[in-house]
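Enquirer: structure, please.
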Amino acid sequence: MTSTLTAPAGLWPCDQYRFADLLGDAERAVLARLRGVLDTHVRPVLDEYWERGEFPSQVLPHLIALDLMEPAGALYAGFRNFELARTDCSVATMYNAQSGLFRATVRHGGSPEQAAELDPQVRSFALTGVFALTEPDHGSDIAGGLATTARRTGDTWVIDGAKRWIGGADAVDVLAVFARDVADGEIKAFLVPREAYGV
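Expert: So this is what the prediction gives:
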């Protein structure tokens, strides 16, 4: 059964302030398609994968085809996340790791040239990644506790440290690893291939 988008109150009865009224027609159309895909292709397989403790990776092509990262308004993104999470928190977390933390790292952490080259690949999932900040002894304290270091050796970098609780790290192309440059003390992000030595 597929849900329809007839009125904001019907689709999101919890939207007491009627924020959905502020969504544009294009945003509503994407959200309607998303709900249909979630009801048709994701919801039916969740119980089986939950019992096995596995992620249903076969749902990814259905979500990727929707190009959910556009439109890019904050209100739309909130409703997109709501739609994903109302179906399954694991699916929502996986999608948001790619569309949120990883994409933001690529778009804002690299040079304009790097962002222009990589952002389309992130949006299409041609390049997948996760946000590797959290450490076993320091949590996610980037201001004072970050212990992972990076040092340049010729044209390469050597990263020393440990990361933990990086959800999805076993199934992506790269990890956006945050480390403190020993030369200038600045925090930098490195796109480290998942199968690189030492990972």
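
Enquirer: how far away is the residue located most distally from the centre of the chain from residue 180?
Expert: Centroid-distance maximum for the chain: residue 154 at 32.4 Å, with Cα atoms, centre = their mean. Here the distance between residue 154 and residue 180 works out to 20 Å (Cβ to Cβ, to the nearest Å). C-beta here means a position set from N, CA and C on the backbone, and glycine is covered the same way.

Enquirer: would you mind identifying the next helix or strand past the least confident helix or strand in the chain by mean pLDDT?
Expert: Ranked by mean pLDDT, DSSP states H and E, the weakest helix or strand in the chain is helix 8-11, scoring a mean of 52. Per DSSP states H and E, the first helix or strand lying C-terminal to helix 8-11 is helix 25-37.

Enquirer: and that next one, how far out from the chain's middle?
Expert: 19 Å (Cα atoms, centre = their mean, to the nearest Å).

Enquirer: likewise stretch 21-30?
Expert: Taking Cα atoms, centre = their mean, the mean C-alpha location of stretch 21-30 is offset from the chain mean by 22 Å.

Enquirer: is residue 30 in contact with residue 68, as I believe?
Expert: Yes. In terms of Cβ atoms under 8 Å, residue 30 counts as a neighbour of residue 68; the distance is 6.7 Å.

Enquirer: mutual contacts of these two, please.
Expert: Residues touching both residue 30 and residue 68 comprise residue 80, with contact defined as Cβ atoms under 8 Å, 6 or more residues apart in numbering.

Enquirer: OK, contacts around the nearest residue to residue 150 once chain neighbours are set aside?
Expert: Nearest in space to residue 150, with sequence neighbours left out and distances taken as Cβ to Cβ, 6 or more residues apart in numbering, is residue 179 at 3.9 Å. For residue 179, the contacting residues are 146, 148, 149, 150, 159, 161, 187, 188, 190, by Cβ under 8 Å, 6+ apart.

Enquirer: can you list the domains in the protein?
Expert: Following automatic domain parsing, one gets these domains for the chain: 8-112, 129-193.

Enquirer: export those domains to TSV and tack on distance to residue 122?
Expert: Formatted as TSV, the domains of the chain follow (distance: least, Cβ to Cβ, whole Å):
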stretch	distance to residue 122
domain 8-112	5
domain 129-193	7
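
Enquirer: of those, which is nearest residue 123?
Expert: Of all those, domain 8-112 sits nearest to residue 123, with 4.9 Å by Cβ to Cβ.
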